[in-house]
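J.: Structure of the sequence below:
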Amino acid sequence: MNHLNHLPSELISSILSYVDKQDLCKCSLVDKSFYKATLPLLWQKLTIDNQGTLHTMTRILEASTSSSSATVLGELVRSVTIKALLSDDDLLAFIKHVPLITHLSLKKAYYISDDSLVQVPGLVPHLTHLDIYRADITQRSMEAIGHCPLQQLTLIRCDDLESNMFASLTRCSSTLTSLDISYRSLHGLETPDMAQQAVANLMALHHLTYFHIYCRPEQDSSPFINALFDDVPFMAPWPELTSLDLYPCRDVTDTMAIALLQAQPKLTHVGLCDSQITDKTLDAIATCLPEVVKVDVTCNPGITPDGLRRLVKTCRKLEIVYCYSCEIYPEDFPELDNSKMIVGPDYPDGEFPLQVRSLVGGAFNSDVDTDADTDTDADFDAHNEQ
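T.: Okay, the predicted model is just below:
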């Protein structure tokens, strides 16, 4: 066709939405109409892998802002993932040029502090998804973040946060659906009164569909976890919750776990790690959660092979159950081959016998689909890396 520029712009944009980013660059050279259509697609989602790229992108965006061009590139950006190490100055120099972003992920925020993060909500007021890994931030940042219309918040290895962070998040209770706080100490959870207040604030986040909290093993988070199990069954605060993952649950018994499961019948992903639960809780999962897809009972020596066998047989939609460090061994399932379970050492030196780390959903069905084995391995690896 000799007159591509006569194609409707909507049709060009629709076609280009199926083109990968590398080929989009080539498409932008076809003619002016294609260039105009590819520009938003090229800039709407940025992934920055290193400091050199970050500084280059900052200069490009700054030049676009100060030029007489009709298109300000930074206003096309909606999602930014920064994998590079960056300082407070680096973040602020970049973020002020992308005022309309909704998604921000900082993968290596070792040198990010309150000094920059408290300014982020004012610079990108439409932020709905925020992921921060290893930042040196405190409650000051949480107070600022709470003013964003957040839908998803992920905080990984941010060790200077406090239990009253949940109070800050109540400001976005009407929008927040996903909360993941992992591998850090949340100061104050070991104090019963503060833990109880933290649970009360957490239960004010009525729209949560995903809640994941992994505390450091050395922290005594039992007052918080116990208050959660005591209050949730009576308050039923999260009517749409589908994913709940808690660790460690050292004082949690079958009675506590079953009451919580009964209060959250829409759960499809459930993790109750390092607790006192037994097969009674596994049977309750099968009864109370008919749509369950993934179960994590890592570090629960009270469960047995028979309990796991019943769970996997009963839950027809179950894809995987993690049972790492539960003293479950391959010989406990003589009817299964290696395609139905993931097996590995409990300790890296190999001194102890191999244990079953996870079972594939449908493992005990004769018609189980073994084509999913590769996905299960990858899923387990991702689970372990977290």
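
J.: State the next helix or strand along the chain beyond the host helix or strand of L260.
T.: Here L260, judged by DSSP states H and E, is contained in helix 254-263. Note on helix 254-263: by DSSP H and E, the next helix or strand toward the C-terminus is strand 269-272.

J.: where's whichever helix or strand comes after that next one relative to the chain centroid, distance-wise?
T.: Counting by DSSP H and E, the next helix or strand C-terminal to strand 269-272 is helix 279-288. On the basis of C-alpha atoms, centre = their mean, to the nearest Å, helix 279-288 sits 25 Å off its chain's mean C-alpha point.

J.: and the angle for helix 279-288 with helix 254-263?
T.: Angle, helix 279-288 to helix 254-263, by axes from the mean of the first three to the mean of the last three C-alpha atoms, to 10 degrees: 10 degrees.

J.: Please list the residues outside helix 279-288 that contact it.
T.: 254, 257-258, 261-262, 265, 270, 272, 292, 295, 297, 302-304, 306-308, 310-311, 314-315 (C-beta atoms under 8 Å, 6 or more residues apart in numbering). Using the backbone N, CA and C atoms, a C-beta is placed for each residue, glycine as well.

J.: swap in stretch 231-240?
T.: 177, 199-200, 202-209, 211, 259-260, 262-264, 266.

J.: go again using 10 Å as the cut-off
T.: Outside stretch 231-240, the residues within contact range by C-beta atoms under 10 Å, 6 or more residues apart in numbering are 177, 196, 199-200, 202-211, 241, 244, 256, 258-267.

J.: Looking at it now, give me its mean pLDDT.
T.: Averaged across stretch 231-240, the pLDDT comes to 92.

J.: Stretch 63-75 too?
T.: So the average pLDDT for stretch 63-75 ends up being 80.

J.: What of stretch 203-213?
T.: On average, stretch 203-213 scores 96.

J.: May I see the buried residues of that stretch?
T.: In terms of neighbour count (16 or more other C-beta atoms under 10 Å), stretch 203-213 has its buried residues at M203, L205, H207, L208, T209, Y210, F211, H212, I213.

J.: what two of those residues are the furthest from one another?
T.: Between any two of the buried residues of stretch 203-213, the greatest separation by C-beta to C-beta is 17.1 Å, found for H207 and I213.

J.: Just want the most central residue of this protein.
T.: D180 (5.5 Å; C-alpha atoms, centre = their mean).

J.: who does the helix or strand harbouring it touch, helix- and strand-wise?
T.: Per DSSP H and E: D180 is located in strand 178-184. Contact here means 3 or more C-beta pairs under 10 Å, 6 or more residues apart in numbering; DSSP states H and E; on that basis strand 178-184 packs against strand 129-133, strand 152-156, helix 165-169, strand 210-215, strand 243-247.

J.: Any chance of CSV for these, columns distance to G74?
T.: Listed next are those as CSV, based on distance: least, C-beta to C-beta, whole Å:
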stretch, distance to G74
strand 129-133, 18
strand 152-156, 23
helix 165-169, 28
strand 210-215, 30
strand 243-247, 34
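
J.: low-confidence ranges in the stretch 251-386 of the chain?
T.: 346-351, 366-386 (pLDDT under 70).

J.: Now do the strands in it.
T.: Using DSSP state E, counting those that start in this stretch, the strands of the stretch 251-386 of the chain run over 269-272, 294-296, 320-322, 341-345, 354-360.

J.: re earlier: partner strands of the strand holding D180, with direction?
T.: strand 152-156 (parallel), strand 210-215 (parallel) (DSSP bridges).

J.: Need the phi and psi values for the residue nearest to E319 when sequence neighbours are not counted.
T.: Distances taken as C-beta to C-beta, 6 or more residues apart in numbering put G361 closest to E319, at 4.4 Å, once the chain neighbours are dropped. Dihedral pair for G361: phi -60, psi 140, per degrees, to the nearest 10.

J.: end to end, how far does stretch 178-194 reach?
T.: Terminal residues of stretch 178-194 lie 23 Å apart, using C-alpha to C-alpha, to the nearest Å.

J.: One more: stretch 169-182?
T.: 16 Å.

J.: Okay, buried residues for that stretch please.
T.: Buried residues in stretch 169-182, counted by 16+ other C-beta under 10 Å: L169, T170, R171, C172, S173, L176, T177, S178, L179, D180, I181, S182.

J.: Contact partners for the fourth one?
T.: The contact partners of C172, taken as C-beta under 10 Å, 6+ apart, are T128, I145, G146, H147, C148, P149, L150, Q151, L153, L205, H207.

J.: try 8 Å
T.: So C172 contacts G146, H147, C148, P149, L150 (C-beta under 8 Å, 6+ apart).

J.: again, but for the last one
T.: Counting by C-beta under 8 Å, 6+ apart, S182 makes contact with T154, L155, I156, R157, H212, I213, Y214, Q386.

J.: With the fifth one instead?
T.: Shown in contact with S173 (C-beta under 8 Å, 6+ apart): A204, L205, H206, H207.

J.: thinking again about what came up before, out of the helices and strands packed on strand 178-184, the one nearest L336 is which?
T.: Of the helices and strands packed on strand 178-184, nearest to L336 by C-beta to C-beta is strand 243-247, at 25.8 Å.

J.: tell me the angle that closest one makes with helix 254-263.
T.: Using the same axes, to 10 degrees: strand 243-247 against helix 254-263 is 160 degrees.

J.: how far away is P305 from D160?
T.: Distance of P305 to D160, computed by C-beta to C-beta, to the nearest Å: 42 Å.

J.: what do you get for I137?
T.: In terms of C-beta to C-beta, I137 sits 7 Å off from D160.

J.: Which one's more surrounded, these two?
T.: When I137 and D160 are compared on other C-beta atoms under 10 Å, the one with more neighbours turns out to be I137, at 24 against 17.
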